[in-house]
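Asks: Sequence first, predicted coordinates after that:
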Amino acid sequence: MFRRLKLLPCSSICKNYSTKVEIDASLKENFESKVFKPRKHPGTTRVKIAAIPLDIQKAAKIILEDNGAKAMYQEAIKLNNYVRSRLLPPEEGDINKRAAKIHNSVSKQYFSKVNKELTPDEYENANKVIQTKVFNILKKKVYSWGNISFDLATSLQYLMVRAAPEYAILVRILDEIRKTLPDYKPRSFFDFGSGVGTGTWAVNTFWQGDIFEYFCVDTSTHMNDLARLILCNGKDNVEMPLKGFFQRQFLPASTDIKYNIVLSSFSLFELPSMKSRLETIQKLWNKTEDFLIIVEHGSNTGFQIVNEAREFVLNLPEGKNNGYVFSPCPNDNVCPRYMEHETPCNFLMKYESLPFPSKSEIYAEVFSYVILRKGTRPKNDPQWPRIVRAPIVRSGHTICKLCTAQGELKEIIFSKSKHDQTTYRCARSSNWGDLLPIK
């Protein structure tokens, strides 16, 4: 189903390079005239740490206190740990293959101990014993997946521990659009798996007043009620302050109406199979006018889901609403991280926790994401390489692991002796997730 481009040998995918590189020529004059400084070059991530807006914090605290949520805090911690460690639901074909393999092994072991010819009744009983053993082994070895039932208590727990990191991550991701396209003004927003409303809070951080329609889809009525109550400052019977705000429990069947920004954040884990995930991605892409954003936790499994969506959209037949990767990838090739099968392509975001039940603290969350944009990649896109791991800073040199426009992972050593001062200082002051403006 997914394309496979020419694979590069491991030695060319990830290798130390003392390659001579330099700052993008179009930026040299700006660096020389001090318009840009190396520590704040155009590729740096502007959002270093984020906190939920104060009015949202206040509304959330009112709701949590009114519902006695302080007593649920330990359960909320367990929920957070579970969300971070989830695996994909096993596919039916994989379960059948594993069951057949276990059955074959158990049968051989069982019948090797039988030294006589069995009667039909004995043979039938033996098969029952074998089936029971196979079932018990399978139950232990196959991941027990289930979607989360978001009743009121679970929704409140989710608000306590997941709203802050998810909001911070979305602000970081949306700033990629804002930074690259400062004049872009979306008019509509579609949020699949909208939960407590973090997507709406995040887009309003940048474009409140520009967006005239918010369409939020979540199967949980409790989540929908909670999201609406938060926007109404935690008070019942208050008029919704956002005009054009709609909530539904299911994806609308019609593809006639499109939205400038379509978001699926931390939601695809709730779908029971790859087939259902890809069908959902197709529906979301059909509803996309400009940008489709997919976000999941930065685990191997979360990255697998994001990459699955990326490959699916990039593999659509020509003429079927084609698009390209706007961020984080500087290319549309097969992800070199996926090819390695070792570590996920993820990034780190710091955030202030919700000040409930105690004061807020600074934490960090890893995440994987992709922003897909409708249309073809602009010819003037610089396609600067992305730093995909924390740079190693040493005396006299800095090592950066980069994902390049050619779809390769390169580890480049920037040193004072082999690179000009601006290039060296830009590399030295860059962080995990930044673009490095070099050629």
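Replies: Here it is on my side, so go on. No experiment lies behind these values; they were computed from the predicted model shown. Numbering: from 1, shown residues only.
Asks: Quickly list the domain ranges of this structure.
Replies: Listed domain ranges for the chain are 10-40+384-429, 49-88+148-374, 92-141 (source: automatic domain parsing).
Asks: Mean confidence (pLDDT) on the first one, please.
Replies: It stands for domain 10-40+384-429. In this model, domain 10-40+384-429 has a mean pLDDT of 87.
Asks: ok, now stretch 261-275?
Replies: Within the predicted structure, the mean pLDDT of stretch 261-275 is 96.
Asks: Tell me the span between the first and last residue of that stretch.
Replies: 24 Å (C-alpha to C-alpha, to the nearest Å).
Asks: Identify each buried residue in stretch 49-61, please.
Replies: Neighbour-count burial for stretch 49-61 flags 50-52, 56-57, 59-61 (criterion: 16 or more other C-beta atoms under 10 Å). Heads up, the C-betas are built off the backbone N, CA and C, glycines and all.
Asks: check which helix or strand covers Val366.
Replies: Per DSSP states H and E, Val366 falls inside strand 362-374.
Asks: picking up where we left off before, pick the most buried one from the domains of the chain.
Replies: Greatest average neighbour count among those goes to domain 49-88+148-374 (a mean of 18), per mean count of other C-beta atoms under 10 Å.
Asks: shaky segments in the chain?
Replies: In the predicted model of the chain, residues 1-19, 341 satisfy pLDDT under 70.
Asks: Show me where it has its helices.
Replies: Secondary structure of the chain (DSSP state H): helices located at 10-13, 25-32, 54-66, 73-85, 92-111, 120-141, 152-180, 198-207, 221-231, 274-286, 300-314, 336-340, 421-429.
Asks: With respect to Pro385, which of these lies nearest?
Replies: helix 421-429 (10.7 Å; C-beta to C-beta).
Asks: contacting residues around the closest one?
Replies: With contact meaning C-beta atoms under 8 Å, 6 or more residues apart in numbering, helix 421-429 is reached by 21-23, 28, 31, 38-39, 41, 43-44, 391, 393, 398, 400, 412, 414-416, 419, 436-438.
Asks: tell me the angle that helix makes with helix 25-32.
Replies: 90 degrees (axes from the mean of the first three to the mean of the last three C-alpha atoms, to 10 degrees).
Asks: how near is Asn104 to Ser358?
Replies: 55 Å (C-beta to C-beta, to the nearest Å).
Asks: ok so, going back, closest one to Lys379 among the helices of the chain?
Replies: Using C-beta to C-beta, those put helix 25-32 closest to Lys379, at 13.4 Å.
Asks: Tabulate the CA atom coordinates of that closest one in PDB.
Replies: What follows is helix 25-32, C-alpha atoms only, in PDB (Å, rounded to 0.1, in the frame of the first residue of the first chain):
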ATOM      1  CA  ALA A  25      23.000  32.500   0.500                       C
ATOM      2  CA  SER A  26      19.700  34.400   0.600                       C
ATOM      3  CA  LEU A  27      20.300  35.100   4.300                       C
ATOM      4  CA  LYS A  28      23.900  36.100   4.300                       C
ATOM      5  CA  GLU A  29      23.200  39.800   3.900                       C
ATOM      6  CA  ASN A  30      20.700  39.800   6.700                       C
ATOM      7  CA  PHE A  31      23.200  38.100   9.100                       C
ATOM      8  CA  GLU A  32      25.900  40.600   8.000                       C
END
